[in-house]
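**Student:** Here's a sequence, model it:
(one chain, ligands or ions: 1)
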Amino acid sequence: MVRINENYLKLKAGYLFPEIARRVTAFSEANPSAKVIKLGIGDVTEPLPPAIVAAMHEAVDQMANTSTFHGYGPEQGYGFLREPIAEHDYQSRGINVSADEIFVSDGSKCDTGNILDILGTDNRIAVTDPVYPVYVDTNVMAGHTGDADEHGRYAGLIYLPVTAENGFVPELPAEPVDIIYLCYPNNPTGTVATRETLQKWVDYARANNSLIMFDAAYEAFISDDAIPRSIYEIDGAREVAIEFRSFSKNAGFTGVRCAFTVVPKELQVTASCGTQVSLHQLWNRRQSTKFNGASFIIQKGAAAAYSPEGRRQTKQLIDFYMTNARSLKEGLEAVGITVYGGENAPYVWLRTPNNLSSWDFFDVLLSKGHLVGTPGSGFGASGEGYFRLSAFNSRENVETAIERFKAAID
Ligand SMILES: *Cc1c(COP(=O)(O)O)cnc(C)c1O
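**Tutor:** Next up, the predicted model:
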């Protein structure tokens, strides 16, 4: 008899985005002439930078000739990509990360889930609330939790609320935890972590032998020089943190697929037999066995993001989205909405007007403004009363969205 991984039965059936889709479809069917603007899902909308497109075209041509053809590449990624990553993202900023600590992949979503392969099943795991749902669901799938309660909180996970009351900075857990997921700049709240906040977490992890999973998918959107872009800017982080980065948001790669994970060589964990084990070696073993590397063509495209033109063009892309974010933030503030984020991240996180629930406000915006955002409660119980709007859209749509938002809450 076949048995399934019954942990999957504990998952709340992908509630958030399907429910949004259901409500939007119902509205559009009832109002066929309404042109709905979507600032909901965190997906980019602008085309790839030309330097990246040219590099991928060239790579396709290389694949068309015997003398330049590439078959399987290194499982960890090509040196032509790992080296510029190490140089531009880390070393030129004074951060100690070497090319052989970088593992190139086809996405951070996969990496943040797959990393659980090399970790034990009885860790105490902390996540923020609200949270990027992947961290929670992958732990549910791996059997690290019990069932969810009526608020969608899983038994066995430790939830650290991040709300306006604590300035969106998670408090250190009251009980010791072994693994903590931190995402900065944050999805969904669009807020950032200061050096002091991150130092506090690194110190905590060192004192408690814990591991920090640091998701820096949005680091390129940081404009404030005082805000760390990497966890490895923090003293001691190389001993306690894994960092996840992606080309999805900064280079428009959500449909292209390329990312990387940094596992420093200092990151050692004590096995039950008492020996020190290197997570770098375990991840290398895992990737070499279960992954055959990201596509040559795609890695060529990603490497072009570090050429002088590539860097200029990706910066323009980020500036474009950040102008949208600023317009959203200022436009909503002008009508008395309390807005967080939107300064170093492509998301604004707003307090719903008149104490509406997140979903009630969703319905108001959709029916009166023909505008779609994401209810904060969908990211966790502490997101109730908040709402996320994304800056990933055309300028015209963002400007129209602001006007419609104002009219809808009038
Ligand atoms: C978009 C996003 C990523 C990137 O995921 P990919 O699989 O690389 O596209 C990672 N973390 C967060 C929080 C994100 O929002």
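
**Student:** what sits against the residue in the stretch 251-400 of the chain positioned nearest to the ligand?
**Tutor:** Per CB to the nearest ligand atom, A259 is where the stretch 251-400 of the chain lies closest to the ligand, at 4.0 Å. (C-beta placed from N, C-alpha, C; glycine too.) The contact partners of A259, by CB atoms under 8 Å, 6 or more residues apart in numbering, come to 104-108, 110-111, 244-248, 253.

**Student:** Which of those residues fall within strands?
**Tutor:** Among those, DSSP state E puts 104-105, 244-246 in strands.

**Student:** how about the residue of the stretch 251-400 of the chain closest to the ligand, phi and psi?
**Tutor:** Per-residue torsions, A259: phi -160, psi 180 (degrees, to the nearest 10).

**Student:** pLDDT of the helix or strand encompassing E330, averaged?
**Tutor:** Taking DSSP states H and E as the criterion, E330 maps to helix 308-333. Averaged over helix 308-333, pLDDT sits at 98.

**Student:** In it, which of the residues would be classed as buried?
**Tutor:** Using 16 or more other CB atoms under 10 Å as the burial criterion, the residues of helix 308-333 that qualify are 310-311, 313-314, 317-318, 321-322, 324-325, 327-329, 331-332.

**Student:** pLDDT below threshold where in the stretch 101-250 of the chain?
**Tutor:** By pLDDT under 70, the stretch 101-250 of the chain contains no weakly predicted segment.

**Student:** Within range of the ligand, give me the residues from it.
**Tutor:** Neighbours of the ligand within the stretch 101-250 of the chain, by CB under 6 Å from any ligand atom: 107-109, 132, 183, 187, 215, 217, 246, 248-249.

**Student:** can you pick the most crowded of the residues you listed?
**Tutor:** Neighbours here mean other CB atoms under 10 Å. Within those, the largest count is held by S246, at 28 neighbours.

**Student:** list the contacts for that one?
**Tutor:** 107-108, 217, 253, 258-260.

**Student:** Just put those in JSON lines and tack on distance to A302.
**Tutor:** Converted to JSON lines, these look like this (distance: CB to CB, whole Å):
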{"residue": "G107", "distance to A302": "12"}
{"residue": "S108", "distance to A302": "13"}
{"residue": "A217", "distance to A302": "14"}
{"residue": "F253", "distance to A302": "7"}
{"residue": "C258", "distance to A302": "4"}
{"residue": "A259", "distance to A302": "9"}
{"residue": "F260", "distance to A302": "9"}
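
**Student:** What about those, which are in helices?
**Tutor:** Using DSSP state H, the subset of the contacts of S246 located in helices is S108.

**Student:** out of the contacts of S246, which one sits closest to Y347?
**Tutor:** A217 (11.6 Å; CB to CB).

**Student:** wait, the closest one sits on Y184?
**Tutor:** No. Using CB atoms under 8 Å, A217 is not in contact with Y184; the gap is 9.6 Å.

**Student:** helix or strand for the closest residue to F168 other than its chain neighbours, which one?
**Tutor:** Counting by CB to CB, 6 or more residues apart in numbering, F168 lies nearest to T191, which is 4.0 Å off, once chain neighbours are set aside. Assignment of secondary structure by DSSP H and E places T191 within no helix or strand.

**Student:** How many neighbouring residues does T191 have?
**Tutor:** 21.

**Student:** from what I can see it touches Y347, true?
**Tutor:** No. Using CB under 8 Å, T191 makes no contact with Y347, being 9.0 Å away.
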